[in-house]
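Colleague: attaching a predicted model along with its sequence, questions to come.
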Amino acid sequence: MAEQATILVVDDTPENIDLMSAILREEYRVKAATRGAKALEIARTDPKPDLILLDIMMPEMDGYEVIEALKVDPNTTHIPVIFVTALSDELDEQTGLNMGAADYIIKPVSPALVRARVSAQLALYDQRRELERIVTERTREIKDSRLEVIKRLGQAAEFKDNETGLHAIRMSLYAKILAEAMIDDEEWIENLFHAAPMHDVGKIGVPDSLLLKREPLSDDEWTTMKKHTLHGARIIGDEGSDLMRMASTIAEHHHERWDGSGYPHGKSGNEIPLAARIVAVADVFDVLTTERPYKEAWKIEDAIMMIEESAGSHFDPEVVKCFTERQADILAVMKDYEETATPYQQSFEARSNPAN
């Protein structure tokens, strides 16, 4: 059996409330308020009413003021309101509808008309809520699919560079910690967190002989290696969602340096997008503190010193300041996602034990 809808009747005359209750209570759960302030209190309390029948001419706070307060509050703006009033002028009705009322009933009321109008508005409200649920579900599915694509692209880059997934986890968490210390925008921070693992996706376009080479790269080899930033930007593209645009920006610019000596464009200072400046610190710190084909892992204190000494040259000084301030959080992430073996040991073990 479907749950009864809740109707809030707002009228300063108790007799009118009694009448509306008598008309509706067989089919609906009825709540009542004789003052606008009380009506708002009820409307903002869960479970919220499914429909509000609102008088206009009331003391202290009239119906127009009540509906205005309802419509500016995100928690109540979607609740349909039907004005029930003795104001019968066409201009009054137009004013009420312009303020967001779903319908307008003139007193004295006809019970049959009230039931019909209430039923119609509840049906529309149910349809709207179902559409919103479907849109929310589809949006979530699209977001999940997008995140899955990002995850797999990031994994492709890790396989290419012979890294473990822990690098992507650590550096994206480092980036999130730094972003939280710098800005107050949850959506932007969440996009950064999901986009950061794609920073090196362009390495898909770099030969394995360069990525795994232990000796210093020649000038020509280094030129080829640096192109991974442009490869990454092209792979991701610069259209679509804010998340994908951020991922493309990070891939292209995370090797730029604050003093302009980086690549691929030689940008400097605030010309470098903030997301890329944050990821630069997070990525370099994780690279320094883990083993790579061309180097041993640095001691943590040496890596921290390098980051701090590079403020104003390699890195944005403000990002480094946040790195220093949030160092305990960053080291906690490092401990939680510590490598149990080097990536190269893990890779060898995986090849030696294909059944695993």
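Modeller: Everything's here; your move.
Colleague: mind giving me the domain split of this protein?
Modeller: For the chain, automatic domain parsing gives the domain ranges 6-133, 162-352.
Colleague: to residue 140, which of those domains lies closest?
Modeller: Nearest to residue 140 among those is domain 6-133 (10.6 Å), distances taken as Cβ to Cβ. Bear in mind the C-beta positions are built from the backbone N, C-alpha and C, glycine included.
Colleague: so in the protein, where's the weakest helix or strand by average pLDDT?
Modeller: helix 343-352 (a mean of 36; mean pLDDT, DSSP states H and E).
Colleague: do I have it right that residue 327 meets residue 304?
Modeller: Yes - the pair residue 327 / residue 304 is scored as a contact, 7.0 Å apart, by Cβ atoms under 8 Å.
Colleague: one step back: any idea which of the domains of the chain scores lowest on pLDDT?
Modeller: Here the lowest mean pLDDT among the domains of the chain goes to domain 162-352, at a mean of 87.
Colleague: chain center to that domain, what's the gap?
Modeller: Per Cα atoms, centre = their mean, to the nearest Å, the displacement of domain 162-352 from the mean C-alpha position of its chain is 22 Å.
Colleague: what do you get for stretch 84-96?
Modeller: With Cα atoms, centre = their mean, you get 42 Å for stretch 84-96.
Colleague: also stretch 118-132?
Modeller: With Cα atoms, centre = their mean as the basis, stretch 118-132 stands 28 Å off its chain's centre.
Colleague: re the thing from before, neighbour count: residue 327 and residue 304, which is higher?
Modeller: Set residue 327 next to residue 304 and count neighbours by other Cβ atoms under 10 Å: residue 304 wins out with 19 against 15.
Colleague: please, which helix or strand holds that one?
Modeller: Taking DSSP states H and E as the definition, one finds residue 304 inside helix 300-309.
Colleague: what's in contact with that helix?
Modeller: Applying Cβ atoms under 8 Å, 6 or more residues apart in numbering, the contact partners of helix 300-309 are 281, 284-285, 288-289, 298, 315, 320, 323-324, 327, 331, 334.
Colleague: secondary structure and distance to residue 132 for those - can I get that in a markdown table?
Modeller: Formatted as a markdown table, the contacts of helix 300-309 follow (DSSP: H, G, I helix; E, B strand; the rest coil; distance: Cβ to Cβ, whole Å):
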| residue | secondary structure | distance to residue 132 |
| --- | --- | --- |
| 281 | helix | 40 |
| 284 | helix | 44 |
| 285 | helix | 43 |
| 288 | helix | 48 |
| 289 | coil | 46 |
| 298 | coil | 51 |
| 315 | strand | 44 |
| 320 | helix | 44 |
| 323 | helix | 41 |
| 324 | helix | 45 |
| 327 | helix | 44 |
| 331 | helix | 43 |
| 334 | helix | 42 |
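Colleague: buried subset of those residues?
Modeller: The neighbour-count test (16 or more other Cβ atoms under 10 Å) applied to these identifies 281, 284-285, 288-289, 298, 315, 320, 323, 334 as buried.
Colleague: returning to that earlier point: what residues of the helix holding residue 304 count as buried?
Modeller: In helix 300-309, counting by 16+ other Cβ under 10 Å, buried: 303-304, 307.
Colleague: how about stretch 207-227?
Modeller: 211, 221, 224-226.
Colleague: same question, stretch 286-295
Modeller: 286-292.
Colleague: show me what contacts the residue positioned nearest the centre of the chain?
Modeller: By Cα atoms, centre = their mean, the mean C-alpha position of the chain lies nearest to residue 187, the distance being 3.6 Å. Residue 187 makes contacts with residue 242, as judged by Cβ under 8 Å, 6+ apart.
Colleague: fine by me, we can end here.
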